[in-house]
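**Student:** please find the sequence and the predicted model below.
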Amino acid sequence: MNTPTATHARTSWRRDTTLDNEFSVVQFFTDGTHEYVRRMVSAEEAVKAAKHYMSSVAVKMGLVNRVIITDGGDCCRFDWVKGKGIVFPLYLIEEK
């Protein structure tokens, strides 16, 4: 029988914890391409970078239309779309 060992369980736990504390920021261009502007940074750094890129010259010129933050497992944690604002997570969307 192949059961996980205590070492395996500790390693898995550490890996999951690390993924929860590492974030990446991606900007999407209107031509369909994208660029990682931050990789594996803290939540604070990711939010700071996303705020910067949401109001960048590239957005004002119409070159960038989306900015997202993903966690270490590549799950989307934040999504901003030009002209719509924040579209995810829902609790950040202001009621109109």
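**Tutor:** Alright, I've got the coordinates. Note that the structure is a prediction, hence the values are computed from the model and not measured.

**Student:** only C-alpha atoms from now on, for both contacts and neighbour counts.
**Tutor:** Noted.

**Student:** how many neighbours does the residue lying closest to residue 64 once chain neighbours are set aside have?
**Tutor:** In space, and not counting its chain neighbours, residue 64 is closest to residue 29: 4.3 Å by C-alpha to C-alpha, 6 or more residues apart in numbering. By other C-alpha atoms under 10 Å, the residues close to residue 29 number 17.

**Student:** residue 63 is in contact with residue 29, correct?
**Tutor:** Yes. Residue 29 lies in contact with residue 63 (C-alpha atoms under 8 Å); the separation is 5.5 Å.

**Student:** what about the helices in this protein?
**Tutor:** Counting by DSSP state H, the chain has helices at residues 6-20, 43-54, 57-60.

**Student:** list the contacts of the second one.
**Tutor:** For helix 43-54, the external contacting residues (C-alpha atoms under 8 Å, 6 or more residues apart in numbering) are 21-25, 27, 37-38, 59, 66-69, 80, 82.

**Student:** and residue 36, what does it touch?
**Tutor:** Residues in contact with residue 36 (C-alpha under 8 Å, 6+ apart) are 24, 25, 26, 27.

**Student:** circling back to that earlier point, select only the buried ones of the contacts of helix 43-54 in ChimeraX?
**Tutor:** Applied in ChimeraX, the following selects the buried portion of those according to 16 or more other C-alpha atoms under 10 Å:
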select :22,23,24,25,27,38,59,66,67,68,69,80
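
**Student:** report the two of the contacts of helix 43-54 separated the most.
**Tutor:** Using C-alpha to C-alpha, the two most remote members of the contacts of helix 43-54 are 21 and 59, lying 27.7 Å apart.

**Student:** and the gap between residue 36 and residue 90?
**Tutor:** Distance check for residue 36 against residue 90: by C-alpha to C-alpha, to the nearest Å, it reads 23 Å.

**Student:** swap in residue 47?
**Tutor:** 16 Å.
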